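Novice: Model the following, please.
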Amino acid sequence: MKSRKPLVLELEETADPSAAPPVPDADLPEGRAMRGAAAFAARAPSRLGRLFWGLLGAILSFAVSVAAWTFVTDLMARYPLLGWLAAVLIGAFVLVVAIIALRELAAFARLRRVDTIHREAEAAITGADLAGARRVVARLQSLYAHRPETALGRARLAARHDDSFDADGLLALAEDALLTPLDAQALRTIEGAARQVATVTALVPLALADVATALGANLRMIRRIAEIYGGRSGALGSWRLTRSVLAHLAATGAVAVGDDLVHSVAGGTLLTKVSRRFGEGMVNGALTARVGVAAIEVCRPLPFRARKRPLVSALVARALAGLFGRDGQAG
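Specialist: Residues are numbered from 1 along each chain as shown. Reported below is the predicted structural model:
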């Protein structure tokens, strides 16, 4: 019986194991609650959808108005006293609706005021316009004239206002004097929202509870940040502001948060490796912090110049310090 010789195959290229791509981690938390909440809030209605809801609202308003009018007139014909009572109640309801509508319009006006100051400040910095910068500072002083936390800053700004001879320096002085205490309040708001979202995601096993909590916490956070910087918003204004914040995230590329941030946060503690729920909680908290930073950039009347833009990693470290067994360091 003949012995077989070994078969040798010659390869044209030598494979390099070090060049192989890493194996993806299928168990890495993704922050589904925050992604779902952001997708729901950022979803833009189509023109046909807006037309449908507008016509439906008009039809329902017309039908309710006619029904109320018919109800009151028939009641007056049968029982005049009860008819007048119904008329007074409906009139009071219409008055309350009108007051709510006026408050919503005033909220939109406040948001536009802060947005106008922000645009004028950027234009003054870009064009080195000292006169424009002084107008911006005057608007800021008027905006925060009744805010006690800015009293010391307003006094310091008034004392050093004439010492600045360029737009950039004057706006930097105004930013440091007026916005420092407001920035601190906004950062505390973000940390609280991130902590709440992380806790609920980690501890509540219900499927949609974490999404509802993330959406509600982010809406309240964005509204509170707008109030801190002087742009108090109503119900419609808050929703519009939320869409503006998410649009800012998309425009700056920060919405793609599932890369560096997810890997650094989700892989940073032992608990995230033991429990996927804890990992999801930390990632959702980090995503909430990123939304909060975007809200600051949208609601702040001045761009970041003298002060540094808040770091998401530092916010997450402070918000989640000790929550999942990690020691946060203030950044």
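
Novice: list the helices and strands the host helix or strand of Thr199 packs on?
Specialist: Take DSSP states H and E as the rule and Thr199 turns out to sit in helix 180-203. Here helix 180-203 touches helix 32-42, helix 209-228, helix 276-299, helix 312-319, going by 3 or more CB pairs under 8 Å, 6 or more residues apart in numbering; DSSP states H and E. All C-beta atoms are positioned from the backbone trio N, CA, C, and that covers glycine.

Novice: how about a cut-off of 6 Å?
Specialist: The contact analysis (3 or more CB pairs under 6 Å, 6 or more residues apart in numbering; DSSP states H and E) places helix 180-203 against helix 209-228, helix 276-299, helix 312-319.

Novice: Tell me the buried residues in the second one?
Specialist: With burial defined by 16 or more other CB atoms under 10 Å, the residues of helix 276-299 counted as buried are 277-299.

Novice: And stretch 184-192, by the same measure?
Specialist: Result for stretch 184-192 [16+ other CB under 10 Å]: buried residues Ala186, Leu187, Thr189, Ile190, Glu191, Gly192.

Novice: rewinding a little: now the helices and strands packed on helix 180-203 in JSON lines, please, with extra columns for distance to Val72 and mean pLDDT.
Specialist: Shown next, in JSON lines, are those (distance: least, CB to CB, whole Å; pLDDT from 0 to 100):
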{"stretch": "helix 209-228", "distance to Val72": "37", "mean pLDDT": "84"}
{"stretch": "helix 276-299", "distance to Val72": "44", "mean pLDDT": "81"}
{"stretch": "helix 312-319", "distance to Val72": "54", "mean pLDDT": "81"}
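
Novice: Kindly reformat those as CSV and extend each row with distance to Leu143.
Specialist: Output for the helices and strands packed on helix 180-203, formatted as CSV (distance: least, CB to CB, whole Å):
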stretch, distance to Leu143
helix 209-228, 12
helix 276-299, 12
helix 312-319, 26
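
Novice: and of the ones you listed, who's closest to Thr73?
Specialist: helix 209-228 (41.9 Å; CB to CB).

Novice: got the angle between that closest one and helix 276-299?
Specialist: 20 degrees (axes from the mean of the first three to the mean of the last three CA atoms, to 10 degrees).

Novice: residues touching Ile90, list them.
Specialist: Ala68 (CB atoms under 6 Å, 6 or more residues apart in numbering).

Novice: That one is in what secondary structure piece?
Specialist: With DSSP H and E as criterion, Ile90 is part of helix 80-127.

Novice: Am I right that Ala121 is in contact with Val136?
Specialist: Yes: under the criterion of CB atoms under 6 Å, Ala121 makes contact with Val136 at 4.8 Å.

Novice: Just give the closest residue to Glu191, not the sequence neighbours.
Specialist: Ala319 (3.9 Å; CB to CB, 6 or more residues apart in numbering).

Novice: What is the burial count for the one you found?
Specialist: 26 (other CB atoms under 10 Å).

Novice: Val245 versus that one, what's the distance?
Specialist: 18 Å (CB to CB, to the nearest Å).

Novice: Equivalent analysis for Val291, please.
Specialist: Taken as CB to CB, the span from Val291 to Val245 is 6 Å.

Novice: same question, Arg290
Specialist: 10 Å.

Novice: I'd like the buried residues of stretch 184-192 laid out as JSON lines, including pLDDT.
Specialist: Putting these into JSON lines (pLDDT from 0 to 100) gives the following:
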{"residue": "Ala186", "pLDDT": "92"}
{"residue": "Leu187", "pLDDT": "92"}
{"residue": "Thr189", "pLDDT": "92"}
{"residue": "Ile190", "pLDDT": "91"}
{"residue": "Glu191", "pLDDT": "90"}
{"residue": "Gly192", "pLDDT": "89"}
